[in-house]
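Trainee: This is the structure alone, sequence omitted:
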DNA sequence: ATTTATAGGAAACGATCGTTTCCGAATCAA
DNA sequence: TTGATTCGGAAACGATCGTTTCCTATAAAT
């Protein structure tokens, strides 16, 4: 089922919610229409499940990317690099489900809006934690505003995914990461 | 007609392309269906016209915001503040047509993709110009990578519009701007 | 005043969508 | 082998969408 949801995630990323038909989903998930409606109440339920699945997968990959060791500064760089990697080439063009959901559904679907906000808040909190770790281990100045800096990083990450939809190169995005590290001065 | 297109822009921002019906457009634009189809070939043509109209309006407001005088550094700050202002409260929730188009249409509509890329490129070039002006007037270090820094600013601006959809306060966004200025050190 | 052009608005079209229902095939238990 | 249960897939539903057409009313022009 998770495999099928991963396929659904890709379709929803590429086409958005309203432009993906049930046929698109069944084709991508390799399930019959009957099976889809047996497993999910309706299209929206598939979307919400795909959203949650995507959130879990991306969160795990992000945790793997930033690792357990290293200074807070190094781990911040790895987090930025992780998003840079997802914001170029084919994966960049595929887009981000959180960004797409924020743009398409956040106004008219409270439940989706809540999940989008929760995803962003979670990322913001993770960034804040990394910054505070850096301030504790001395790799980031103690007088830095950790909350505002984490918020800047959050905006930057989401923006990279937007800009990445227009087809940028890995080097372009990697250069952005290097400049962004100045915010930790 | 520009008034009507401005209304169309708002609807497309809030609902996205696929979720806005012709009825939504006629209601917002205060035009009869017949009039819409007399002025535009189809819904997509309305969208493209609205996109262009939005681009012109926002570009003019941005130019007004950054002004003609001041150092490059000051004008960069004004540009960032202009986007911060658009990324909080009700206007923030309304969203950005460029971001929405990038997420929803950039993959399956080459013409829209081209316009989205052009909008981003234009903003990136404008930021690059402001940075280079700052390097010329001494308000920004000469050894700074103007291209990469402008790209970072572009990602940040688009990201602010994404995060702004979840309802942030003016102060939160203003604080991001202050931190972002560190990238010009 | 008559004609012409224009905009508004209703109606109807084909198409597509999400959803439900139904039936045949396959799997597994007894 | 028989029976029950699950799953795939086709068909059909009502609804909605984008689009076209047609008719009326208003205003401009002769």
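Mentor: It's in. Keep in mind that what you see is a predicted model, and the values were worked out from it rather than measured. Numbering: from 1, shown residues only, chains lettered A, B, ... in the order given.
Trainee: can you point me to the longest helix in chain A?
Mentor: Secondary structure assigned by DSSP state H gives helix A:110-137 as the longest helix of chain A.
Trainee: got the buried residues for that helix?
Mentor: A:112-113, A:115-117, A:119-120, A:123-124, A:126-128, A:130-135 (16 or more other CB atoms under 10 Å in any protein chain shown). Heads up, the C-betas are built off the backbone N, CA and C, glycines and all.
Trainee: so how far is the helix or strand where residue A:36 lies from its chain's centroid?
Mentor: When elements are assigned from DSSP states H and E, residue A:36 belongs to helix A:33-39. Chain-centre distance of helix A:33-39: 28 Å, with CA atoms, centre = their mean, to the nearest Å.
Trainee: If you count contacts, what does that helix end up packed against?
Mentor: helix A:22-29 (3 or more CB pairs under 8 Å, 6 or more residues apart in numbering or on different chains; DSSP states H and E).
Trainee: in the helix it packs on, what's buried?
Mentor: For helix A:22-29, by 16+ other CB under 10 Å, it's A:25-26, A:28-29.
Trainee: And stretch A:38-57, by the same measure?
Mentor: For stretch A:38-57, by 16+ other CB under 10 Å, it's A:40, A:43, A:46-51, A:53-55.
Trainee: Intersect those residues with the contacts of DNA strand C.
Mentor: residue A:43 (CB under 7 Å from any atom of the strand).
Trainee: Among the buried residues of stretch A:38-57, which are located in helices?
Mentor: A:43, A:46-51, A:53-55.
Trainee: Turn these into JSON lines, including pLDDT and distance to residue A:182.
Mentor: Formatted as JSON lines, these follow (pLDDT from 0 to 100; distance: CB to CB, whole Å):
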{"residue": "A:43", "pLDDT": "94", "distance to residue A:182": "44"}
{"residue": "A:46", "pLDDT": "94", "distance to residue A:182": "42"}
{"residue": "A:47", "pLDDT": "96", "distance to residue A:182": "38"}
{"residue": "A:48", "pLDDT": "96", "distance to residue A:182": "39"}
{"residue": "A:49", "pLDDT": "94", "distance to residue A:182": "40"}
{"residue": "A:50", "pLDDT": "95", "distance to residue A:182": "37"}
{"residue": "A:51", "pLDDT": "96", "distance to residue A:182": "34"}
{"residue": "A:53", "pLDDT": "95", "distance to residue A:182": "35"}
{"residue": "A:54", "pLDDT": "96", "distance to residue A:182": "31"}
{"residue": "A:55", "pLDDT": "96", "distance to residue A:182": "30"}
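Trainee: Can I get these in TSV including distance to residue B:14?
Mentor: Output for those, formatted as TSV (distance: CB to CB, whole Å):
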residue	distance to residue B:14
A:43	21
A:46	24
A:47	19
A:48	21
A:49	26
A:50	23
A:51	20
A:53	27
A:54	24
A:55	24
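Trainee: Nearest to DNA strand C, out of these: which one, please.
Mentor: DNA strand C lies nearest to residue A:43 out of these, by CB to the nearest atom of the strand, at 3.4 Å.
Trainee: what's the closest non-adjacent residue to that closest one?
Mentor: residue A:22 (6.2 Å; CB to CB, 6 or more residues apart in numbering or on different chains).
Trainee: Now do the same contact list for that neighbour.
Mentor: For residue A:22, the contacting residues are A:33, A:36, A:43, by CB atoms under 8 Å, 6 or more residues apart in numbering or on different chains.
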